[in-house]
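Engineer: for reference, the sequence and a predicted model appear below.
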Amino acid sequence: MLAKNHGSHTAFEAHREGLRAIASIGDFIQEEGIDCDYRVCGRFYGAHSPKHFEKLKRKINAQQKGLEIDAQLVQRKDQHEEISSDFYHGGIIQTQFASVDPAAYHQGVLGKVREAGARVEGFTEALAVSKRSKGAGFDVQTSRGLVRAGDVVVATNGYTSRLTPWLNRRVFSIGSYMIATEDLGGDVARSLIRRDRMVVDSRRIVVYFRLSPDGRRIIFGGRVSLNETNPRVSAPRLHRHMTAIFPQLRTAKISHSWMGFVGWTFQHMPHIGRHDGIWYAMGYCGSGVALSTYFGTRLGQQIMGQEAGRTVLSDLPFRTRPGYYGNPWFLSASVGWYGFLDRLGI
């Protein structure tokens, strides 16, 4: 789709930029000395039907030169070396993927920002952003008073609102729902995901799971309803999805259930740039931990006038759709249709 709309060169460079973004977070964590349980553990990508296994096989055998990633095919008969489940029909191992404790990572980055002398004010809602009537810059009205700024950056991703109407029409929020099991004990938990991989599958309504950093729980996530709901409703549904993959956990209790919003775009690509004087970076489509760090750096470089901040994504039109003004009315129908296709295994 990207090549069709913008040409093969732009599509190639955009995918290269995505690979660089994923790789960069490890370097950043190491250079800054952030303690967040980061480790390159690889990812098991499970095929939820025989047709999807064949698609995965074709995909890794036809990788475009310059965009290759290290991927190893896993036949169904061998998948117990990776995951103690018969749910999948084989899959692939993608070795470059890593795991991180996102809360610890956020806390580590926040600490580095403060050490560098930046002032961070939490629990402060931005109520209005307006250009100054005289001179350059902006006035930002907040719940704690007026802030005058030379530059304004909007990095709200899945929490973009009517505060910025132009951006609100171009990114939509999708709820991501998570549970954590009770402490299963290290031997039990590690027997389920033998090599401590991240795990995701080929369904359109995807699920994703991993071991907790201490290796004693399963952390499991996905989407379990047509419309947004709350963690008390989503927890038992996620438990059913989890036990369909791991029947061994049917009696395991859930200790935690939570949710948050990811930001999606109509082009399924992140966007970075400037509109009407306001800078923005958002639309990470479920990969925000790594991508937001990378594109936040690029955006900062652009604001400072540094050529290193230029990225091919800066030149991509940030498109919306007719009839969309911030309420994703189409989401429940899309989730229902994709779920139907998943049940058919196609």
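Structural biologist: Looks like it arrived, so ask away.

Engineer: alpha carbons of the strand or helix carrying Phe295, as CSV, please.
Structural biologist: Assessed by DSSP states H and E, Phe295 sits inside helix 288-303. Extracted as CSV, the C-alpha positions of helix 288-303 are listed here (Å, rounded to 0.1, in the frame of the first residue of the first chain):
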residue,chain,number,x,y,z
GLY,A,288,5.2,3.0,20.8
VAL,A,289,7.8,2.0,23.4
ALA,A,290,10.5,1.8,20.8
LEU,A,291,9.2,4.1,18.1
SER,A,292,8.3,7.0,20.3
THR,A,293,11.8,7.2,21.7
TYR,A,294,13.3,7.2,18.3
PHE,A,295,10.9,9.6,16.6
GLY,A,296,10.9,11.9,19.7
THR,A,297,14.7,12.2,19.2
ARG,A,298,14.3,12.9,15.5
LEU,A,299,11.6,15.6,16.3
GLY,A,300,13.9,17.2,18.8
GLN,A,301,16.7,17.4,16.3
GLN,A,302,14.3,19.0,13.8
ILE,A,303,13.3,21.6,16.3
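
Engineer: residue contacts, Asn261?
Structural biologist: No Asn there; residue 261 is Phe. Asn157, Gly158, Tyr159, Ser173, Ile174, Gly175, Ser176 (CB atoms under 8 Å, 6 or more residues apart in numbering). Yep, even glycine has a C-beta here, placed from its N, CA and C like the rest.

Engineer: so which helix or strand of this protein has the lowest pLDDT on average?
Structural biologist: helix 2-6 (a mean of 72; mean pLDDT, DSSP states H and E).

Engineer: in that one, what's buried?
Structural biologist: Leu2, His6 (16 or more other CB atoms under 10 Å).

Engineer: cool, and stretch 197-214?
Structural biologist: 197-203, 205, 207-213.

Engineer: so which of those residues are in strands?
Structural biologist: Met198, Val199, Val200, Asp201, Val207, Tyr208, Phe209, Arg210, Leu211 (DSSP state E).

Engineer: nearest to Glu31 among those?
Structural biologist: Nearest to Glu31 out of those is Met198 (CB to CB; 22.8 Å).

Engineer: let me know the pLDDT of the nearest residue to that closest one once chain neighbours are set aside.
Structural biologist: Using CB to CB, 6 or more residues apart in numbering and skipping residues adjacent in sequence, the residue nearest Met198 is Arg43, 4.3 Å away. pLDDT recorded at Arg43 is 96.

Engineer: equivalent analysis for Asn327, please.
Structural biologist: Looking at Asn327, the pLDDT reads 93.

Engineer: ramachandran angles for it?
Structural biologist: With angles defined as degrees, to the nearest 10, Asn327 sits at phi -110, psi 110.

Engineer: go on, the one 3 residues further on?
Structural biologist: Summarising the backbone geometry of Phe330 under the convention degrees, to the nearest 10, its torsions are phi -80, psi -10.

Engineer: contacting residues around the residue nearest to it when sequence neighbours are not counted?
Structural biologist: By the measure of CB to CB, 6+ apart, the closest residue to Phe330 outside its immediate chain neighbours is Tyr324, 7.8 Å from it. Tyr324 makes contact with Arg169, Phe172, Phe330, according to CB under 8 Å, 6+ apart.

Engineer: give the buried residues for stretch 210-230.
Structural biologist: 210-213, 216-218, 220-224, 228.

Engineer: farthest pair within the residues you listed?
Structural biologist: Farthest pair in the buried residues of stretch 210-230, by CB to CB: Arg216 and Glu228, 30.3 Å.

Engineer: if I look at Met304, how far off is Leu313?
Structural biologist: 18 Å (CB to CB, to the nearest Å).

Engineer: between those two, which one's more packed in?
Structural biologist: Leu313 (22 against 10; other CB atoms under 10 Å).

Engineer: correct me if wrong, but that one is in a strand.
Structural biologist: No. Judged by DSSP: H, G, I helix; E, B strand; the rest coil, Leu313 forms no part of a strand; its state is helix.

Engineer: Met269 is in contact with that one, correct?
Structural biologist: Yes. If you go by CB atoms under 8 Å, Leu313 and Met269 touch, sitting 6.8 Å apart.

Engineer: can you list residues touching both of these two?
Structural biologist: Ala14.

Engineer: thinking again about what came up before, hey, C-alpha coordinates of the least confident helix or strand of the chain in PDB?
Structural biologist: Taking C-alpha atoms only, helix 2-6 is exported to PDB below (Å, rounded to 0.1, in the frame of the first residue of the first chain):
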ATOM      1  CA  LEU A   2       2.800   2.400   0.900                       C
ATOM      2  CA  ALA A   3       4.600   1.700  -2.400                       C
ATOM      3  CA  LYS A   4       1.400   2.100  -4.400                       C
ATOM      4  CA  ASN A   5       0.700   5.500  -2.900                       C
ATOM      5  CA  HIS A   6       4.200   6.900  -2.500                       C
END
